[in-house]
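>>> structure for the following, please:
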Amino acid sequence: MAEISFLRGEELKLKAKPHLLSFLHLYSIFGFLILWGIACFRILNVVISQDWLDNHTTTAELLTNIWPNAITLLGIICWSFGLLIFGFLCRYLYLETGGQSVFRFCIFVVILGILGLILFGKFFADDRADTFNFSKYFLPTLTILLGITGLFLVNYYRLSFTYFLTNIRIILQSDFFMSKDERQVRYNHIEDIKLSQSIFGRLFGFGTVIPLTGTGLGTGTDEAMLASGVGSGSDKMSLGFMGGLKKTSRTARHNPHDTLYGVSKPSHVRDIITENIQSDTGVEHLKRIEKLLDSDGNGVIDALENSK
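Residues are numbered from 1 along each chain as shown. So this is what the prediction gives:
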């Protein structure tokens, strides 16, 4: 359970967690695995058969040259093709939110399935038909179980984030299995606030509030390469030179560790932060005035006494 230790005079203004639908892209990934496992069960048990392979001799010969058990290889190709295409699309569609990790996970699932079939064929199968019959149930079941496990892990990951807004600071906590992370930012360090809501988020009332600070909270780095070249040439010889300049810029990132990610009523959350920034700024000005009076007050009094 997420808890914080309050400072003297500190009051809790808001406690929030990411909205269920803010992690929909991750839920959909593992939901696809479940659907693909169900589809593969039908493909491997109905569509792919030895009769189909006998009617397509060219395909059978090609597969046999790769692996003697052609029908099992065909099932592996159909199953892995769907996973890899899906992972490849996620790599580019969810580039900022872990798309590359999804692609690697799909590759891991494919390797795990192939290794499982190889081990079964080597130690338990009597003939090639046994391996194919095993694959008809093993590959879909493996895919469905990984999908269900992934859904529970995503939900646990979502609930591991807790955000606290007090009258003094913002606290971003995450507690995922054995890993615990906490980040704090005081209101006088916030330079800007960005509110981001997708169309889906506006329909269901959630969004991401990004407090931007000078230390880089809520931002990431984008890099671009600017290239230039010069050259001279003749009919027989050419000479060229090319140089590059890397340009780095900071942009807001939707990272659950560094933002108030996918919180309900994001406008209300932003307003609380804005009010606390104004209050904190006023307190800081009063402290500066008080410090100036303390440091210069004696000098003013001495000057008045000397003028008498």
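>>> for L7, which non-adjacent residue is spatially closest?
Nearest non-adjacent residue to L7, counting by Cβ to Cβ, 6 or more residues apart in numbering: I168, 6.1 Å away. Where C-beta positions appear, they are placed from N, C-alpha and C, glycine not excepted.
>>> pretty sure that neighbour contacts Y187?
Yes. Here I168 reaches Y187: they are 7.5 Å apart, a contact under Cβ atoms under 8 Å.
>>> where does the chain have low pLDDT?
Residue ranges of the chain with pLDDT under 70: 1-2, 49-56, 59-60, 63-69, 95-98, 128, 216-252, 280-308.
>>> where do the strands sit along it?
12-16, 161-166, 169-176, 179-186, 190-196, 206-213, 219-233, 238-252, 260-264 (DSSP state E).
>>> counting neighbours, what do you get for the closest residue to P18 other than its chain neighbours?
Nearest-residue entry for P18: G262, 3.9 Å, with adjacent residues in sequence omitted and distances by Cβ to Cβ, 6+ apart. The tally of other residues near G262 (other Cβ atoms under 10 Å) stands at 27.
>>> care to break this structure down by domain?
Per automatic domain parsing, the structural domains of the chain span 22-159, 185-227+246-295.
>>> how close does L89 get to F108?
From L89 across to F108, the span is 17 Å (Cβ to Cβ, to the nearest Å).
>>> could you pull out the helices for the chain?
Secondary structure of the chain (DSSP state H): helices located at 24-42, 50-55, 57-66, 70-93, 99-123, 128-159, 199-204, 266-307.
>>> how about those in CSV, adding mean neighbour count?
Shown next, in CSV, are the helices of the chain (neighbours: other Cβ atoms under 10 Å):
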stretch, mean neighbour count
helix 24-42, 18
helix 50-55, 12
helix 57-66, 12
helix 70-93, 18
helix 99-123, 15
helix 128-159, 17
helix 199-204, 12
helix 266-307, 12
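>>> looking at the ones you listed, which is closest to D181?
D181 lies closest, by Cβ to Cβ, to one member of the helices of the chain: helix 128-159, at 12.4 Å.
>>> packing partners of the closest one?
If contacts are counted by 3 or more Cβ pairs under 8 Å, 6 or more residues apart in numbering; DSSP states H and E, helix 128-159 sits against helix 24-42, helix 70-93, helix 99-123.
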